[in-house]
Structure formats: C-alpha cells, structure tokens
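Participant: only the shape, not the letters, is given here:
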C-alpha cells in the first residue's frame with residue numbers, strides 16, 4: 001500500500017512538472033489574446049528569430065522566417081522575452097551580406113582601404129536614393145569577414161513598412177548592386 005502511495009505521489013509530481021510548460025504556454029496565449037503585441041502578418045523579431053507572424057494559437061505562435069522555413073514558438077516564450085514588432089514602428093530592419101572580389105579591392109592605383117571606402121560610400125549613396133529607406137535612421141556598410149573569393153560586407157538600414165516587403169528588399173538590393181557597380185567593383189560568386 002505504501003508503495004502505491006509513493007508511486008502515485010511520484011507520478012503526480014512528474015505530471016505536474018510536465019504540465020507546467022503547457023500551463024505557461026496557455027497563459028502566454030491568453031496574454032497575447034488580451035494584449036496582443038503582434039497580429040498575423042506582422043514582421044517581428046524575438047529570441048533570435050525574425051519573420052512574419054503566420055498563426056497565433058493558444059499554445060504557440062508560428063513565424064515564417066526569411067529563408068521560407070517556419071518556426072513554432074511556445075507562447076510561454078513571449079512572457080519573459082522582448083519582442084520587436086517592426087510593423088508597429090512604421091519601419092522594419094533590413095540586413096544583407098555580400099562578397100566583393102579581392103581582385104576588385106586591390107589595384108596599382110589605390111590602396112585597398114581607399115577602394116573599400118569608395119565601395120561603402122557608393123552603396124550608401126545609392127541606398128539613400130531608395131524611396132522606402134528611412135533617412136533619419138542609421139545606415140551601415142561594413143566589411144565583416146574574409147571569404148574564399150573576397151571580402152564580405154554587411155549592409156543594414158531601416159525601410160518603411162509597406163504591404164510588400166519583398167519588393168522593398170528588391171529595391172534595396174538593386175541599390176546595393178548599383179553602388180558596387182558605380183564603385184567599379186564586382187560581387188563574387190561561389191563559383192569564382
């Protein structure tokens with residue numbers, strides 16, 4: 001009889017601990033329903049994930065990531081972690097990396113640092129001309145690492161939120177490519 005009580009007590013503790021995550025996620029779902037920090041279609045960033053809210057359930061929220069995959073985030077996550085809702089800000093964060101060939105950065109006429117600065121300035125100039133890029137927010141073009149075929153740059157800026165973020169991204173990427181071309185450089189491909 002004593003072993004039955006011990007077993008039921010241990011089982012109760014195990015079930016209680018297992019149910020704890022379920023209750024936290026359900027509570028998170030209630031909080032999201034009562035005070036929604038986002039809605040389906042919003043572009044959000046939380047816990048290392050950036051994407052568009054596809055679905056909000058009682059237990060989890062589904063984000064469509066930029067790489068076309070999706071992630072199910074337990075709603076308990078939103079109780080203790082920050083959420084950036086780019087759509088509520090009126091603008092969203094843009095980030096893209098690209099590689100410029102080493103041959104384009106070295107020449108007999110100027111030092112590589114001068115060429116890099118020229119590429120940075122041309123890209124910034126072309127990005128400034130994109131209508132959806134927010135002018136009063138910072139824009140950066142930074143070399144971040146060496147790749148096999150060239151120097152990797154990261155471009156970051158903010159764009160106004162519209163109903164077509166893919167088109168916004170395309171305009172910014174086109175401006176980046178125009179800036180590289182205007183600077184007399186070429187992007188590297190993995191096959192070069």
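Facilitator: Received it, and whenever you're ready, just let me know what you need. Computed from a predicted model, the values in this text were never measured in an experiment. Numbering: from 1, shown residues only.
Participant: and the residue nearest the centre of this structure?
Facilitator: In the chain, the residue lying closest to the centroid (CA atoms, centre = their mean) is residue 50, at 4.0 Å.
Participant: that one - nearest residue in space that isn't next to it in sequence?
Facilitator: residue 66 (6.6 Å; CB to CB, 6 or more residues apart in numbering). Where you see a C-beta, it was placed from the backbone N, CA and C, and this is true even at glycine.
Participant: pLDDT score for the one you found?
Facilitator: As predicted, residue 66 sits at a pLDDT of 70.
Participant: wait, doesn't it sit right on residue 51?
Facilitator: Yes: counting by CB atoms under 8 Å, residue 66 touches residue 51, with 6.3 Å between them.
Participant: phi, psi of the residue nearest to the centre of the chain?
Facilitator: When read as degrees, to the nearest 10, the backbone of residue 50 gives phi -130, psi 130.
Participant: what do you get for residue 77?
Facilitator: phi -60, psi -40.
Participant: which one is it nearest to, not counting chain neighbours?
Facilitator: Spatial nearest neighbour of residue 77, excluding adjacent residues (CB to CB, 6+ apart): residue 47 at 6.0 Å.
Participant: would you mind measuring from the one you found to residue 125?
Facilitator: From residue 47 across to residue 125, the span is 35 Å (CB to CB, to the nearest Å).
Participant: hang on, the earlier thing: who's in contact with the residue nearest to residue 77?
Facilitator: Taking CB atoms under 8 Å, 6 or more residues apart in numbering as the criterion, residue 47 is in contact with 73, 77, 81.
Participant: help me confirm that the second one comes into contact with residue 29.
Facilitator: Think residue 77. No: counting by CB under 8 Å, residue 29 is not a contact partner of residue 77; they are 11.2 Å apart.
Participant: beta-bridge partners for the spatially closest residue to residue 177 that is not a sequence neighbour, please?
Facilitator: Excluding the flanking residues, the one nearest residue 177 by CB to CB, 6+ apart is residue 187, at 7.2 Å. The residues listed as beta-bridge partners of residue 187 by DSSP bridges are residue 100.
Participant: any idea how far residue 130 is from residue 187?
Facilitator: For residue 187, the distance to residue 130 equals 18 Å [CB to CB].
Participant: where does this protein dip in pLDDT?
Facilitator: Filtered on pLDDT under 70, the chain yields the residue ranges 1-12, 16, 18, 106-108, 162-163, 165, 189-192.
Participant: which parts of it are strands?
Facilitator: Taking DSSP state E as the criterion, the chain carries its strands at 43-46, 49-56, 60-65, 70-74, 84-85, 91-101, 140-146, 150-160.
Participant: which one of the ones you listed lies nearest to residue 25?
Facilitator: Evaluated over the strands of the chain, closeness to residue 25 peaks at strand 70-74, with 4.5 Å, by CB to CB.
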